[in-house]
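Asks: the following comprises the amino acid sequence and a computationally predicted model.
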Amino acid sequence: MMMTPEWLAHRYDEGHDAVHFVNAPRALRRSVPFLTDEHLAATDAPAIWKRSDALAGAHGASPTHFIFHSAYCCSTLLARAFDIPGVAHSLSEPQILNDMVGWRHRGGNPAEIGAVTDSALRLLARPFIEGEATVIKPSNIVNGLATALLSIRPDARAVLLHAPLRLFLGSIARKGMWGRLWVRELLARQLAEGMIDLGFESRDYLLHTDLQAAAVGWLAQHRLFGDMARKWPERIRTLDSEALVARPGEAMTALAGLFGVGLAETRIASIVADVFARDSKSGKVFASGQRAADQTAAETLHADEIDKVSSWAEAVAASAGIDMALPAPLLGPG
């Protein structure tokens, strides 16, 4: 097998120090929201390479940048916007980075995990067209490794994307049981990562409502994002989903500058007209006002719970020293 960019580094087997590659051409990657087992199940059987052989056969790694996010904040949309042939190719939640998290939770050696993570980034950063940058949007379960990823790639830049707390809570409530289950799974992972330090006893988290658990996860990521932005002020910018949606052209222009890629105004306008008009998961064109209507419906139906949890979270943030406004904003006042 030729080690061409169409073969995506998909899974890592630490028992055999082997990388599983799946045939995922650019068109396929653009047609699915995430590069996970669920969405790549229909691909051919994987090609399995020893990691050392895969690295020896991988040429042309490109500059790598990141979109870190706290979920339900248009991160998939932004990743799709940066799949620009000849300029950049994007990777939305590649499974192999999730494997690094799982390995760590199983007690893997940190030095080994660091070395393999470096290899994974090299194998992911193989552009389809020479000169393209690589923009990776990891799953937010990878946020516990975000500082490590930026340390491994000292030339990488990153945008830290989040939804305002009330809108995040509304998104979770709107998802029903599955959204509420997801935030509890995320909280369990964050506790395992040691990301939660809000002054509660461990057993207290079991007593929180689902939306309180969602707020705890949001606060943990907000603290992480603030710490990262202060640590690397020249490499990191922060952005909230509402600013992105309201000012997509300005955001794309600023991110192109941050990532060091050339984008003409006409191309940015074309991307905004196409990508920002569609649902990032399904690809369907948004009906006029649909997004705002969905948000309003969630706020109306769950207003009392959202009000109470938002006030509670703000008090927790103040007690824990978490600034609700992130530093290093990508966009100035609008």
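Replies: Thanks, I have the structure now. Please read all numbers here as calculations on a predicted model, not as lab measurements.
Asks: now the helices for the stretch 1-150 of the chain?
Replies: 26-31, 37-40, 51-57, 75-81, 95-105, 110-124, 146-152 (DSSP state H, counting those that start in this stretch).
Asks: which residues touch the longest one?
Replies: Identification of contacts with helix 110-124 by CB atoms under 8 Å, 6 or more residues apart in numbering yields 8-9, 12, 14, 17, 19, 51, 54-55, 58, 61, 64, 91, 94, 96-97, 100, 103-104, 134, 136, 145, 148-149, 152-153. C-beta coordinates here come from the backbone N, C-alpha and C atoms, glycine included.
Asks: secondary structure element for residue 267?
Replies: helix 265-275 (DSSP states H and E).
Asks: may I see the buried residues of that helix?
Replies: 268, 271-272, 275 (16 or more other CB atoms under 10 Å).
Asks: show residues contacting stretch 184-199.
Replies: So stretch 184-199 is contacted by 71, 101, 105, 140-141, 143-144, 202, 205, 210, 213, 216-217, 219-221, 224, 316, 319-320 (CB under 8 Å, 6+ apart).
Asks: give me the buried entries from these.
Replies: Buried members of the contacts of stretch 184-199, scored by 16+ other CB under 10 Å, are 71, 101, 140-141, 143-144, 205, 210, 213, 216-217, 219-221, 224, 316.
Asks: rewinding a little: packing partners of the helix holding residue 267?
Replies: When contacts are defined as 3 or more CB pairs under 8 Å, 6 or more residues apart in numbering; DSSP states H and E, helix 265-275 packs onto helix 75-81, helix 248-259.
Asks: list the contacts of that helix.
Replies: Taking CB under 8 Å, 6+ apart as the rule, helix 265-275 contacts 77, 80-81, 84, 87, 248-249, 252-253, 256.
Asks: with these in mind, which one is nearest to residue 175?
Replies: For those, the closest approach to residue 175 (CB to CB) belongs to residue 77, at 17.3 Å.
Asks: helices and strands of the chain: which one bottoms out on pLDDT?
Replies: The helix or strand of the chain with the lowest confidence, counting by mean pLDDT, DSSP states H and E, is helix 290-301 at a mean of 69.
Asks: can you list contacts of the next helix or strand after that helix?
Replies: Going down the chain from helix 290-301, the next helix or strand is helix 303-320, by DSSP H and E. With CB under 8 Å, 6+ apart as the test, helix 303-320 has contacts from 165-166, 169-170, 173, 197-199, 209, 211-212, 214-216, 218-219, 222-223, 299, 322-324.
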